[in-house]
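**Q** got a structure for you, letters missing:
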């Protein structure tokens with residue numbers, strides 16, 4: 001999974017409803033989510049908490065992805081256009097991906 005983060009014009013992410021014992025670690029606005037070789041094309045907000053990764057679409061304020069994890073690594077930034085057409089931040093997950101909206105990719 002890769003996420004394109006454009007910090008220059010990033011909108012402030014709205015508050016995320018946290019689960020009991022969960023802590024918000026980081027959030028970004030104006031993120032485009034890409035999974036494997038496809039991109040959503042729709043900007044949203046990306047949240048990394050102590051328990052899950054959540055992507056919320058800007059226009060609908062609806063969760064597009066909610067993945068629980070044991071560990072997550074924000075792995076690397078690539079600007080290699082042969083790998084993907086835009087700069088991306090790669091994420092790797094450890095643990096079962098059984099969250100709402102998850103299609104088993106992770």
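**A** Now that the structure is in, tell me what you want to look at. Because the structure is a prediction, the values reported are computed rather than measured.
**Q** contacts, neighbours, all on C-alpha from now
**A** Will do.
**Q** Show me what stretch 42-55 is in contact with.
**A** Stretch 42-55 has contacts (Cα atoms under 8 Å, 6 or more residues apart in numbering) with 13, 16, 22-33, 56-59, 63-70.
**Q** buried ones in it?
**A** Of the residues in stretch 42-55, 43-55 count as buried by neighbour count, 16 or more other Cα atoms under 10 Å.
**Q** Tell me which entries of the residues you listed lie within helices.
**A** In this view, these have no member that belongs to helices under DSSP state H.
**Q** Please tabulate the residues you listed in JSON lines and include pLDDT as additional columns.
**A** Output for those, formatted as JSON lines (pLDDT from 0 to 100):
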{"residue": "43", "pLDDT": "86"}
{"residue": "44", "pLDDT": "88"}
{"residue": "45", "pLDDT": "90"}
{"residue": "46", "pLDDT": "89"}
{"residue": "47", "pLDDT": "91"}
{"residue": "48", "pLDDT": "90"}
{"residue": "49", "pLDDT": "93"}
{"residue": "50", "pLDDT": "92"}
{"residue": "51", "pLDDT": "92"}
{"residue": "52", "pLDDT": "90"}
{"residue": "53", "pLDDT": "89"}
{"residue": "54", "pLDDT": "90"}
{"residue": "55", "pLDDT": "88"}
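**Q** and the residues you listed as a markdown table, adding distance to residue 82?
**A** Output for the buried residues of stretch 42-55, formatted as a markdown table (distance: Cα to Cα, whole Å):
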| residue | distance to residue 82 |
| --- | --- |
| 43 | 22 |
| 44 | 24 |
| 45 | 26 |
| 46 | 24 |
| 47 | 27 |
| 48 | 27 |
| 49 | 31 |
| 50 | 33 |
| 51 | 33 |
| 52 | 30 |
| 53 | 26 |
| 54 | 27 |
| 55 | 25 |
